[in-house]
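**Student:** Just a sequence and a predicted model for now, questions to come.
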Amino acid sequence: MNEHVSIPVPAPMAEPAEVAATRKVFIKTYGCQMNVYDSTRMGDALASDGYETTETMEDADLILLNTCHIREKAADKVYSALGRLRDMKKARAAEGRELMIGVAGCVAQAEGEEIVRRAPAVDVVIGPQTYHRLPDALRRARGGKPVVETDYALEDKFDHLPATAKAAIRSRGVTAFLTVQEGCDKFCTFCVVPYTRGSEVSRTVAQIVAEAQRLADSGVREITLLGQNVNAWRAQGPDGRVWSLGDLLYHLAQTPGLARLRYTTSHPRDMDDRLIEAHRDLRTLMPYLHLPVQAGSDRILKAMNRRHTAAEYLRLIERIRAARPDIAISGDFIVGFPGETEEDFADTMRLVEAVGYAQAFSFKYSTRPGTPGADLPDHVSEEVKAERLERLQALLLKQQTDFAKSCVGKVIDLLLEKPGRMPGQVIGRSPWLQSVNVDAKTSQIGDIIPVRIIGTGPNSLFAEPAERLIKV
């Protein structure tokens, strides 16, 4: 354990001034948790400019598509959505009402000017590094000419975002995302992230601590630290040393009011000793780790530019489990990468068997224009990819089901998050990130209570309060 280090935190920011909302914004979010976080902060930036968010697209004066470029044909889906919004904009204009359309996120960064060329109804295109400029871009776009903001910002976008009002934080629930790192320097040959999010950049310790404390003060009990390569986070600590993610977690674990910490997404190459020690020492750090490997064949891992072998990954898993025996491991897999043979795929299946995943995400390889993988020879047919994916997902589903069944009978600490579908039921989150249904009062939301797992469902667990069972 490290000794307590005092970090200079900026003075608490005053609650954002109330602005009379004259316009409404609807934000459609695609993709990863980072985009969810970005959408929330775009909403905060717009709130300071007189907008209020709405869950109904038809009520909006501004519609923002916060896009993701990871999945296949992402840009095509965006243009399809923009076609429908173009028709809505024309109908509004016929009624004498304004509708502005914006495209944000990774497709915006990748496509840039091409978006306004193909979809002239778009008013603003803004990349993930410049969304703090969104209010100004909208004001300029009202001059009649589309605004494209996709240059990487010289200034730190987090320095220019307004503080989120405590009431707004409370309305979002008892869990929250907190971005600590953005971008990627790994350049895996299948991935567009280095081209859309830029190189790895870490937020300062003071910024992170201030936001974490503000969230905790507003009733947030669990924070998930986000980054494209979150365990690549590095920043100078107040003691003059360069801190790693493990150091940051040790400090955040001391935040008053904060009960739980998580982080995602990690790269095996950045899983250092300090981070493994944090899993060993910190009960606040949940026993769940998303550690993508992508494939089990060394030949394919090399072609992917992952810069680790299957054996190195398995040894890392062994070290992590030795430090925290109850940890649940999650992963990502890509099936049918160019050149993948049946034997390569068999290596992936063997690795999955060896690890035993509590949860995993698996996809067929799809070409991303501009990535090295797009130019590789020996692309695998869609039929073969589909068949292999089916086999892999069957194994992963069995492992996930087996892990859920292994939880039955255990007494765990459950963070109550939101009302359930049935009266008198509340949905909580287990330490291993599973959704758990339990009989409880909505007034208990935000509490962490002991429960005993009594059953499993397709996507969740069922529990009873442990006190009730103890008294029997």
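**Tutor:** Yes, it's here. Numbers count the residues shown, from 1 in each chain.
**Student:** Give me the phi and psi for the residue most central in space within the chain.
**Tutor:** The centroid of the chain falls nearest to residue 33 when counting by CA atoms, centre = their mean (2.1 Å). Phi and psi for residue 33, reported as degrees, to the nearest 10, are phi -60, psi -30.
**Student:** so what's it up against?
**Tutor:** Residue 33 makes contacts with 177, 224, 226, 264, as judged by CB atoms under 8 Å, 6 or more residues apart in numbering. Yep, even glycine has a C-beta here, placed from its N, CA and C like the rest.
**Student:** Now flag whichever of those is closest to residue 211.
**Tutor:** residue 177 (10.4 Å; CB to CB).
**Student:** Quick one: name whatever helix or strand follows the helix or strand containing the closest one.
**Tutor:** Taking DSSP states H and E as the criterion, residue 177 maps to strand 175-179. Once strand 175-179 ends, the next helix or strand along the chain (criterion: DSSP H and E) is strand 181-182.
**Student:** Sheet partners, orientation included, of that following strand?
**Tutor:** In the sheet, strand 181-182 lines up against strand 201-202 (antiparallel) (DSSP bridges).
**Student:** Outside of the partner strand itself, list whatever touches it.
**Tutor:** 180, 181, 182, 183, 232, 233, 234, 235.
**Student:** Quick one: buried ones out of those?
**Tutor:** For these, a burial check counting by 16 or more other CB atoms under 10 Å picks out 180, 181, 182, 183, 232, 233, 235.
**Student:** With adjacent residues omitted, what lies nearest to the third one?
**Tutor:** For residue 182, the nearest residue in space outside its immediate sequence neighbours is residue 201; the separation is 5.3 Å by CB to CB, 6 or more residues apart in numbering.
**Student:** How confident is the prediction for the one you found, by pLDDT?
**Tutor:** Confidence at residue 201, expressed as pLDDT, is 89.
**Student:** Contact partners for residue 357?
**Tutor:** Contacts here follow CB under 8 Å, 6+ apart; on that basis residue 357 touches 329, 330, 331, 396, 399, 400, 403.
**Student:** run the last query once more with 7 Å
**Tutor:** By CB atoms under 7 Å, 6 or more residues apart in numbering, the contact list for residue 357 reads 329, 330, 331, 396, 399.
**Student:** from these, which is closest to residue 211?
**Tutor:** The nearest one, if we look at these relative to residue 211 and count by CB to CB, is residue 330, at 25.1 Å.
**Student:** Tell me which two of the contacts of residue 33 sit farthest apart.
**Tutor:** Pairwise over the contacts of residue 33, using CB to CB, the maximum falls at 177 and 264, 9.3 Å.
**Student:** list the residues that contact both of these two?
**Tutor:** Joint contacts of residue 177 and residue 264 (CB under 7 Å, 6+ apart) are 33, 224, 226.
**Student:** a markdown table for those residues, including pLDDT and distance to residue 369?
**Tutor:** Below are the shared contacts of residue 177 and residue 264 laid out as a markdown table (pLDDT from 0 to 100; distance: CB to CB, whole Å):
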| residue | pLDDT | distance to residue 369 |
| --- | --- | --- |
| 33 | 81 | 25 |
| 224 | 97 | 31 |
| 226 | 95 | 26 |
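**Student:** hang on, the earlier thing: show me just the buried residues among the contacts of residue 33.
**Tutor:** Buried members of the contacts of residue 33, scored by 16+ other CB under 10 Å, are 177, 224, 226, 264.
**Student:** Just the ones of those residues in strands?
**Tutor:** 177, 224, 226, 264 (DSSP state E).
**Student:** Which residue is the nearest non-sequential neighbour of the third one?
**Tutor:** Right, the one you point to is residue 226. Leaving aside its sequence neighbours, residue 226 sits nearest to residue 179 (CB to CB, 6+ apart; 4.7 Å).
**Student:** Quick one: residues contacting the one you found.
**Tutor:** 34, 37, 203, 226, 227.
**Student:** Find the helix or strand that residue 421 is a member of.
**Tutor:** With DSSP H and E as the criterion, residue 421 is inside neither a helix nor a strand.
**Student:** for it, phi and psi?
**Tutor:** Phi and psi for residue 421, reported as degrees, to the nearest 10, are phi -70, psi -30.
**Student:** Same question for residue 249.
**Tutor:** Residue torsions, per degrees, to the nearest 10, at residue 249 are phi -60, psi -40.
**Student:** Next one, pLDDT for it please.
**Tutor:** pLDDT at residue 249 comes out at 98.
**Student:** Which helix or which strand is home to the spatially closest residue to it that is not a sequence neighbour?
**Tutor:** Excluding the flanking residues, the one nearest residue 249 by CB to CB, 6+ apart is residue 278, at 4.6 Å. Per DSSP H and E, residue 278 falls inside helix 273-281.
**Student:** cool, and residue 450?
**Tutor:** strand 448-456.
**Student:** Same question for that strand: list its buried residues.
**Tutor:** Neighbour-count burial for strand 448-456, counted by 16+ other CB under 10 Å, picks out 448, 449, 451, 452, 453, 456.
**Student:** orientation of the helix ranked longest in the chain relative to strand 448-456 in degrees?
**Tutor:** When the chain is scanned for its longest helix (criterion: DSSP state H), the result is helix 382-407. Orientation check (axes from the mean of the first three to the mean of the last three CA atoms, to 10 degrees): helix 382-407 against strand 448-456 gives 120 degrees.
**Student:** what helices or strands is helix 382-407 leaning on?
**Tutor:** For helix 382-407, the elements it packs on are strand 328-335, helix 342-355, strand 359-364, strand 448-456, judged by 3 or more CB pairs under 7 Å, 6 or more residues apart in numbering; DSSP states H and E.
**Student:** how distant is the longest one from the center of its chain?
**Tutor:** Right, helix 342-355. Distance, stretch centre to chain centre, for helix 342-355: 27 Å (CA atoms, centre = their mean, to the nearest Å).
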